[in-house]
Each structure stands twice: as structure tokens, then as C-alpha cells.
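> just the structure for this:
(one chain, ligands or ions: 1)
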Amino acid sequence: MITVVGSINMDLVVSVDRAPNRGETLIGKTFHTNPGGKGANQAVSAARLDHLTNMVGHVGTDAFGTSLLNNLKEQNIRTNYVKRKEGPSGIANITVAGGDNSIIVVPGANFSWEAKEWEQYDDLITKSDVLVLQLEIPLEVVEAFAEMANKRGTTVILNPAPAHSLPASLIRNVDYITPNETECMEIFSMNAEEAVSHFPNKLIVTEGEKGAVYYDGSSLVRIPGFPVKAVDTTGAGDTFNGALATAIAEGQDLKKAVSFANAAASLSVQHYGAQNGMPEREAVLARLGEMN
Ligand code: RIB
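Numbers count the residues shown, from 1 in each chain. Presented below is the predicted three-dimensional model:
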């Protein structure tokens, strides 16, 4: 069983030929509202691969909150632990220009945690095989869940996005840390190859279509990606993390788990929207088969 603790956002997505310059107004091409949030996306990724998945997080009392909650239910995610907090839901303002995206998140209900509120989830975390965390909820909440999971022997994956410096105790309490190259540089002030050597079998740096890299204690392990024509990379990292959690919860070794996650991420970027293109298991296995 996987439990994801994290953000649930409504993504307000504008597509445009190019990003605007400072002070400039452009006419965009399309506008969509899509369910998103790194936490919710990672839960959808795992659930779509048929793994029993719980979501712990908060939505607001606005109309977005209702639709975000309904979406999680439709995705077969257990929502008993999603609470509604007075006020607006989290949103992400996303501009997609030429296949790349830029995002501003306004956390809303995602940041509405009371002191010690996490203690009521002790039993759930104890029963979970894997806990997945990101950094779109308050850092002290992330730290508290990581500590709880570590005490209970639950495997923890921390996707440190958006990038933020990581306290040493948090790094100790998690089993895997999964930044992309940019986040790796921001957090550790080192490039991927150098950074992974400091955290054997723990730090896995994703490198887009090039794949991912980690250090196994004696040498660098490069797991190749699956080059594809990307139409929207939003949520690719989330697909990777949900699939990685699935593979690890099912007992795959790290090398196979990263390869499974790479294959899932490569499929997700071929569709618009963070959750839209997240693949089912058969598609991931077929893509892995193409490699052999
Ligand atoms: O990782 C993509 C996600 O980041 C989007 O869905 C958006 O909500 C932001 O949180």
C-alpha cells in the first residue's frame, strides 16, 4: 500500500507560442483547468498502475475543492484522509510555451496544517509499504511524516520539488530522494554525478529523456530514458515518482524500479495535462519490452 502526503492543486493552464517578456501582453492559444498538484499527481500515477493508494492532504471549501476531491475518487484513490479546510484550494498557474512550462503555485489549503495534526496518521503510515512526500506542503509537516515513517519502518521517497534546502535529519529519515538536475544543483550545489556519489542508493537524479542516475556504492548507475516527442512535460516527474513508489512497494530492486519509472514518465509527456497522460501498467510494460 502506498500513501502520498502532499499538495492537491487546480492547474490553470495557458498555452502560448512563446513566454511573454516583462510588461508584455500576448494573445494565448488555449486555456484549461486540470486537476494537479505534485502530491495528487503522484497518487494518480501510482493508482493508475493499479496500486492501492491513499492520499493525505487538504483542499479548500471552494468549487475547486469539490472538483479536486471528486477527481481523486474517480482515479480510484482512497480519499478518507483528504480534508476540506476553510478557504481556497491550492492552484498552479501554468504557462506552456513551446513544449516547456513555467509554474507559479499558490498553496491555499495545502498549507493549512495545525500543530501535530499529522499524529492522527501514525496508524496509516505504519500500515503503508511506501510513503511519498514532496515540498508543496509546509516543510515541518514533511519532516514530521518522514520521522514517523522512519520510526515505523516504512520506506520513504522524498521528491524535493519545488527545490528547498533539506535539513540533515530529513535526509537521514528518507530512503530515496528524487530531484531533477536543476533541483539537484539548487539543493546540493553539485551536478548530478557528483551529488549522487555522496548518497549511495539514496539520491536518484532524473535527467528528462536522458533517464536517471544514481550511485550504487561502487559505481555510477545510469538508467537510460526513452526518447520521445514531448508535447507537455508537466507532471513527468510526478509520473516518475508514483511509478517508482509502485515498483518499490512491489519489491523490485532499485535498478528495475528506476527503469519502470523512466518508462512511465516517457509515456506521460506525450499527452497534455499533468494527470491526463499517466500510463496504465500494460503500456509501461510494453514500453519496457521495446527496450529489450
Ligand atoms: O509537477 C507538476 C505540478 O506542479 C502541477 O500539477 C502543479 O499543480 C504544480 O504543483
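
> between the two ends of stretch 196-205, how far is it?
Its first and final residues considered, stretch 196-205 spans 8 Å by C-alpha to C-alpha, to the nearest Å.

> for the ligand, what are the nearby residues on the stretch 1-150 of the chain?
Residues of the stretch 1-150 of the chain lying near the ligand by C-beta under 6 Å from any ligand atom: 7, 9, 11, 36-38, 41, 92, 103, 105, 136. For the C-beta atoms, the positions are set from N, CA and C on the backbone; glycine is no exception.

> low-confidence stretches in the stretch 151-292 of the chain?
In the predicted model of the stretch 151-292 of the chain, residues 291-292 satisfy pLDDT under 70.

> hang on, the earlier thing: nearest to the ligand among the residues of the stretch 1-150 of the chain next to the ligand?
G36 (2.4 Å; C-beta to the nearest ligand atom).

> sorry, back to before: out of the residues of the stretch 1-150 of the chain next to the ligand, show me where the pLDDT dips lowest.
pLDDT is lowest at I103 among these; the value there is 91.

> quick check: which element contains the most centrally placed residue in the chain?
In the chain, the C-alpha closest to the average C-alpha coordinate belongs to D238, at a distance of 3.2 Å (C-alpha atoms, centre = their mean). According to DSSP states H and E, D238 maps onto helix 236-249.

> and the helix or strand just after that helix, what does it pack onto?
Of the helices and strands lying after helix 236-249 in sequence (DSSP H and E), the nearest is helix 254-268. Where contact means 3 or more C-beta pairs under 8 Å, 6 or more residues apart in numbering; DSSP states H and E, helix 254-268 is packed against strand 211-215, strand 220-224, helix 236-249, helix 281-291.

> just those: most buried one?
helix 236-249 (a mean of 28; mean count of other C-beta atoms under 10 Å).

> tell me how many other residues surround the residue nearest to G98 when sequence neighbours are not counted.
Excluding its sequence neighbours, the residue lying closest to G98 (C-beta to C-beta, 6 or more residues apart in numbering) is R18, at 6.4 Å. Counted with other C-beta atoms under 10 Å, the neighbours of R18 add up to 10.

> quick check: phi and psi at R18.
phi -150, psi 160 (degrees, to the nearest 10).

> how much space between it and the ligand?
21 Å (C-beta to the nearest ligand atom, to the nearest Å).

> coming back round to it: of the residues of the stretch 1-150 of the chain next to the ligand, which belong to helices?
Counting by DSSP state H, these place 38, 41 in helices.

> using a markdown table, lay out the residues of the stretch 1-150 of the chain next to the ligand together with neighbour count.
Listed next are these as a markdown table, based on neighbours: other C-beta atoms under 10 Å:
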| residue | neighbour count |
| --- | --- |
| S7 | 28 |
| N9 | 33 |
| D11 | 25 |
| G36 | 30 |
| G37 | 34 |
| K38 | 29 |
| N41 | 31 |
| A92 | 23 |
| I103 | 16 |
| V105 | 19 |
| E136 | 24 |
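
> show the contacting residues for E86.
Applying C-beta atoms under 8 Å, 6 or more residues apart in numbering, one finds that E86 lies in contact with 60-61, 112.

> need those in JSON lines with pLDDT, secondary structure and distance to E207, can you?
As requested, these are exported to JSON lines (pLDDT from 0 to 100; DSSP: H, G, I helix; E, B strand; the rest coil; distance: C-beta to C-beta, whole Å):
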{"residue": "G60", "pLDDT": "98", "secondary structure": "strand", "distance to E207": "35"}
{"residue": "T61", "pLDDT": "98", "secondary structure": "coil", "distance to E207": "40"}
{"residue": "S112", "pLDDT": "98", "secondary structure": "coil", "distance to E207": "35"}
